[in-house]
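> when you get a sec, could you give me coordinates for this:
(one chain, ligands or ions: 2)
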Amino acid sequence: MRIVVDDNVPAAEACFGELGRLVRLPGREIGLDALCNADALVVRSITRLDETLIDEAMAAGARLRFVGTCTIGTDHVDQEALARHGIGFASAPGCNAAAVVDYVLSSLLTLAEYQGWRLTDRRVGIVGVGNVGGRLLARLSAMGIECLACDPPRVDRAGSTGIEGMGVESTKGFTDLDTLIDQCDVLCLHTPLVSDGPHPTHHLLDAQRIAQLVPGTVLLNAGRGDCVDGLALRSRLAGPGDISAVLDVWETEPGIDGALRDLVNLGTPHIAGYSLDGKLRGTHQVYAAMSRHLGLPVRHSLESLLAEPPVAGLTLDGGLEPEDALRLCLRTVYDVRRDHVALYRESRRQGMTSGFDSCRAQYPLRREFGTLRVELRAGANELAPMLEGAGFRVARG
Ligand SMILES: NC(=O)c1ccc[n+]([C@@H]2O[C@H](COP(=O)([O-])OP(=O)(O)OC[C@H]3O[C@@H](n4cnc5c(N)ncnc54)[C@H](O)[C@@H]3O)[C@@H](O)[C@H]2O)c1
Ligand SMILES: O=C(O)[C@H](O)[C@H](O)COP(=O)(O)O
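Ligands and ions are numbered 1, 2, ... in the order given. Below you'll find the model as predicted:
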């Protein structure tokens, strides 16, 4: 069995090695030739598997039996075409959701510091309340931050406008996007890219909605680049310049708009979910699904793949403002400024496309907030709710 695996999938040898012979390829080079010579494919979001490519490969006699994407997003794979050819498919729902929430908190706390405001004084609107948005809602609410949420497909599915079952009380309930735009200081987009149906997300934030953003709003997109009209955002930032923007995802990745990159407050190369924990969860979820598809046992546990974090603990004494303490803890684990600087440096040095991709290919080790144990001395116990809410493991003094 020949398994073609994206270069950027960690621990593939440990997981898939016993299922077949591995061939590593850069994700953007997995095309017709690879499909025609593989029994299974393990990809990430940069490999486009559309209907034409799948049909062409199968018409050319491909023996492909299984495709797995070690990512949450699935808009790069035509699942109907795979099913039509009897090819098994699995993605990795939720695998890197915790890392995306870490990214959002790191970004917002950084902007708050630079611009002189406190996150606890802001109302946050969350668009798309699934694995990522739901975790963000839970963490922000536990930190005492007021949130509004918008997720029309979820409301359709639940048949109500409430927030039942989300375990969150400080949130008033689900509402529509225009209310979020009108009433929130921060707008976080965590929607998949959906082109059709009753709730499409392509240019969900179009020119009209971008014009409606209240001055002072922070717009953060860590869903898919096409959910925001990049040209309209560029005009708003270049013109009045009265809003802030954090972009992890961009239209036309990896060849992103350099003018927009220069205008956003924080710009990163689609790495919000790039914790080692998140990537290994993705690998393991696909490995487990492929094993089941082949009728084989799942021999390796996720825990066996994860090493100890480089910094496991931190001790805090009293006297720190809660948001300063939070910044200190989160920067011990992950500091978004590193990725922002890397994108600017590498895209200037190598050009936009290569710079964007090289930051992702050579991504440094990053762990999740949940790997850090924060020990509080007696006088610092008041910090516990904020730090626990943000996702750290806290031991009170
Ligand atoms: N930047 C990154 O590194 C990164 C990492 C992980 C995921 N993502 C992206 O984030 C997306 C969301 O991830 P998730 O794990 O939460 O997915 P999910 O499927 O668990 O949740 C997505 C939610 O968005 C909602 N939604 C769909 N259309 C909507 C609309 N028009 N308006 C409002 N809400 C809508 C869905 O009902 C669902 O509840 C993924 O599809 C992926 O594209 C990006
Ligand atoms: O959908 C996802 O899981 C993320 O967007 C993913 O982390 C992006 O990383 P890539 O697949 O591009 O390596």
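
> might you report the residue contacts of L193?
73, 75, 201-202, 223-224, 226-227 (CB atoms under 8 Å, 6 or more residues apart in numbering). No exception for glycine: its C-beta is placed from N, CA and C like everyone else's.

> ligand 1 contacts on the stretch 1-150 of the chain?
72-73, 94, 96-97, 100, 127-133, 150 (CB under 6 Å from any ligand atom).

> quick check, nearest of these to G282?
Nearest to G282 out of these is N96 (CB to CB; 6.4 Å).

> quick one, what contacts the closest one?
71-72, 272-275, 278-279, 281-282.

> farthest-apart pair in the residues you listed, please.
Among the contacts of N96, A272 and R281 lie farthest apart (CB to CB), at 14.7 Å.

> between these two, which is the more surrounded one?
Between A272 and R281, counted using other CB atoms under 10 Å, A272 has the larger neighbour count: 29 against 24.

> right, and that one touches V100 too?
Yes. Assessed by CB atoms under 8 Å, A272 is found in contact with V100 at 4.5 Å.

> hey, what's in contact with both of the two?
Joint contacts of A272 and V100 (CB under 8 Å, 6+ apart) are A222.

> gap between G239 and A92?
As judged by CB to CB, to the nearest Å, G239 and A92 stand 40 Å apart.

> ok, those two, which is more surrounded?
A92 (25 against 8).

> and the more buried one, that's in a strand?
No. With DSSP: H, G, I helix; E, B strand; the rest coil as the criterion, A92 is coil rather than part of a strand.

> picking that back up, format the residues of the stretch 1-150 of the chain next to ligand 1 as TSV; extra columns: secondary structure and pLDDT.
Shown next, in TSV, are those (DSSP: H, G, I helix; E, B strand; the rest coil; pLDDT from 0 to 100):
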residue	secondary structure	pLDDT
I72	coil	97
G73	coil	97
G94	coil	98
N96	coil	98
A97	helix	98
V100	helix	98
V127	strand	98
G128	coil	97
V129	coil	96
G130	coil	96
N131	helix	97
V132	helix	98
G133	helix	97
C150	strand	96
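
> out of the contacts of N96, which are close to ligand 2?
Answer for the contacts of N96 near ligand 2 (CB under 6 Å from any ligand atom): 71-72, 273.

> quick one: which of these is most hemmed in?
T71 leads the ones next to ligand 2 among the contacts of N96 on contacts (other CB under 10 Å) with 27 neighbours.

> could you tell me what pLDDT the model assigned to the spatially closest residue to that one that is not a sequence neighbour?
Sequence neighbours aside, S45 is the residue nearest to T71 in space, at 4.7 Å (criterion: CB to CB, 6 or more residues apart in numbering). Per-residue pLDDT puts S45 at 97.

> please apply the same query to the one 10 residues further on.
According to the predicted model, the pLDDT of D55 comes to 98.

> how far away is it from ligand 1?
25 Å (CB to the nearest ligand atom, to the nearest Å).

> what sits closest to that residue if chain neighbours are left out?
A81 (6.5 Å).

> hmm, A57 and the one you found touching each other?
No. With contact defined as CB under 8 Å, A81 does not count as touching A57 (10.1 Å).

> which of those two has more neighbours?
A57 (23 against 18).

> so which strand or helix has that one?
A57 belongs to helix 51-59 when assigned by DSSP states H and E.

> equivalent analysis for H340, please.
helix 336-350.

> report the backbone C-alpha coordinates of the helix or strand just after that helix in PDB.
As assigned by DSSP H and E, the chain's next helix or strand after helix 336-350 is helix 352-361. Extracted C-alpha coordinates of helix 352-361, given in PDB (Å, rounded to 0.1, in the frame of the first residue of the first chain):
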ATOM      1  CA  MET A 352       5.000  37.000  -0.900                       C
ATOM      2  CA  THR A 353       4.300  33.400  -2.000                       C
ATOM      3  CA  SER A 354       7.600  31.800  -0.900                       C
ATOM      4  CA  GLY A 355       7.700  33.900   2.300                       C
ATOM      5  CA  PHE A 356       4.200  32.900   3.300                       C
ATOM      6  CA  ASP A 357       4.800  29.200   2.700                       C
ATOM      7  CA  SER A 358       8.300  29.100   4.200                       C
ATOM      8  CA  CYS A 359       7.000  30.500   7.500                       C
ATOM      9  CA  ARG A 360       4.500  27.600   7.600                       C
ATOM     10  CA  ALA A 361       7.000  24.900   6.500                       C
END
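
> ok, residues contacting helix 352-361?
Outside helix 352-361, the residues touching it (CB under 8 Å, 6+ apart) are 7-8, 28, 253-256, 258, 261, 269-271, 274, 339, 342-343, 345-350.

> 10 Å instead, please
7-8, 26-28, 44, 46, 250, 252-258, 261, 268-271, 274, 339, 341-350 (CB atoms under 10 Å, 6 or more residues apart in numbering).

> isn't there a strand covering L148?
Yes. Counting by three-state DSSP, one finds L148 located in a strand.

> in the stretch 101-250 of the chain, which spans are strands?
124-127, 147-150, 186-189, 218-221, 244-247 (DSSP state E, counting those that start in this stretch).

> can I get these in TSV with distance to P310?
Formatted as TSV, those follow (distance: least, CB to CB, whole Å):
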stretch	distance to P310
strand 124-127	30
strand 147-150	32
strand 186-189	28
strand 218-221	27
strand 244-247	26
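
> may I see these organised as JSON lines, with mean neighbour count added?
JSON lines is the format used below for the strands of the stretch 101-250 of the chain (neighbours: other CB atoms under 10 Å):
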{"stretch": "strand 124-127", "mean neighbour count": "25"}
{"stretch": "strand 147-150", "mean neighbour count": "24"}
{"stretch": "strand 186-189", "mean neighbour count": "26"}
{"stretch": "strand 218-221", "mean neighbour count": "25"}
{"stretch": "strand 244-247", "mean neighbour count": "24"}
